[in-house]
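K.L.:
Here is a sequence with its predicted model. Questions after.
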Amino acid sequence: QSQLPECYLRGVMGFRLAQFLQMGWMDPELAYRRALYHEPLIATPGPETIHTLTLTDTGRIVGYVALVGSSDPVALPLDAPARGLFPAEVAHHVDLLAGFAAPGRDSHQVYEIKRFVRAGSMARGLQRDRVPWHLILALGRSALALNDPIQLVVGDSRENGALRHLRLIGFAPVVVADTRPCLPRTELMWPSYQQPELAKPFSAPVPDKLADYLDSIDAALAIDTATDWRREAIARLIEVHRAAGQFSADVASQTESSHPRPAGPETDSP
């Protein structure tokens, strides 16, 4: 986040605010009373937020996803009582990380996937279809590019959002069922937990073969757009699953539609 000029960062956060207000997942009264034209800029005491965008050739933002780091100023073991909770843990009143505690694994190696969204104003067509694929690709590349690579991701998602996409690229999310998420009415995102289909909290280790899954998406996106590149992307991903011995009914169910789409606020979560 600190690498973005403030004027750009305000533009990014303005895109987030506009999209989630339009979807009804943010409180418009709160936004009005606080005279917001972008989401509040927050500097975390731990690892910085990673912002990922897709842009048109004219520079218009059409897709976004964030990786949000721990609030711990100093890295702590995942089962440390003093560990700061991630937003999804707070909203769902659960601990998503204690079960993954291990030597050499700490809270600065965990990120939450948030605000996975595509511009609602995009016209149907090839460019619109490709946006979520580019976001998924960039999300994975970011996880591998850090000096201290990400070991786990957390978040909350509806089944057709981040959970679906993570399984498609080799993750095996551990989902906590039957939570009752809520946020106080002072939080912009509280309406997101009043929707008919509730998001489910999850945690997922980053798979060893993540780079292979991402290479498959990259290759499919480079295919002549006159061909069915989405079907080719799915076929390539299935082959990576099979090579890794991870193809299952769960993965097969994700391939029924070859058109991933952003779908939820909290990790939305892809």
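P.N.:
Looks like it arrived, so ask away. Numbering: from 1, shown residues only.
K.L.:
continuing past the lengthiest helix in the chain, what's the next helix or strand?
P.N.:
Longest helix in the chain by number of residues (criterion: DSSP state H): helix 126-145. Downstream of helix 126-145, the next assigned helix or strand under DSSP states H and E is strand 152-157.
K.L.:
For that following strand, which helices and strands make contact with it?
P.N.:
With contacts taken as 3 or more C-beta pairs under 8 Å, 6 or more residues apart in numbering; DSSP states H and E, strand 152-157 sits against helix 87-92, strand 110-118, helix 162-168, strand 200-205, strand 266-269. Every residue, glycine included, has its C-beta placed from N, CA and C.
K.L.:
least reliable of these going by mean pLDDT?
P.N.:
Sorting the helices and strands packed on strand 152-157 by mean pLDDT places strand 266-269 lowest, at a mean of 39.
K.L.:
rewinding a little: ranking the helices and strands packed on strand 152-157 by mean neighbour count, which comes first?
P.N.:
strand 266-269 (a mean of 29; mean count of other C-beta atoms under 10 Å).
K.L.:
Angles on the backbone of the nearest residue to residue 141 once chain neighbours are set aside, please.
P.N.:
Take residue 141 and drop its neighbours on the chain: the residue closest to it by C-beta to C-beta, 6 or more residues apart in numbering is residue 214, 6.2 Å away. With angles defined as degrees, to the nearest 10, residue 214 sits at phi -70, psi -40.
K.L.:
now swap in the one 5 residues further on and tell me
P.N.:
Reported as degrees, to the nearest 10, the phi and psi values for residue 219 are phi -70, psi -40.
K.L.:
gap between it and residue 152?
P.N.:
Distance of residue 219 to residue 152, computed by C-beta to C-beta, to the nearest Å: 27 Å.
K.L.:
Which of the two has more residues huddled nearby?
P.N.:
residue 152 (21 against 13; other C-beta atoms under 10 Å).
K.L.:
so what's the more buried one closest to, chain neighbours aside?
P.N.:
residue 110 (4.6 Å).
K.L.:
is it true that residue 199 touches residue 193?
P.N.:
Yes - contact criterion C-beta atoms under 8 Å: residue 199 and residue 193 qualify, at 7.5 Å.
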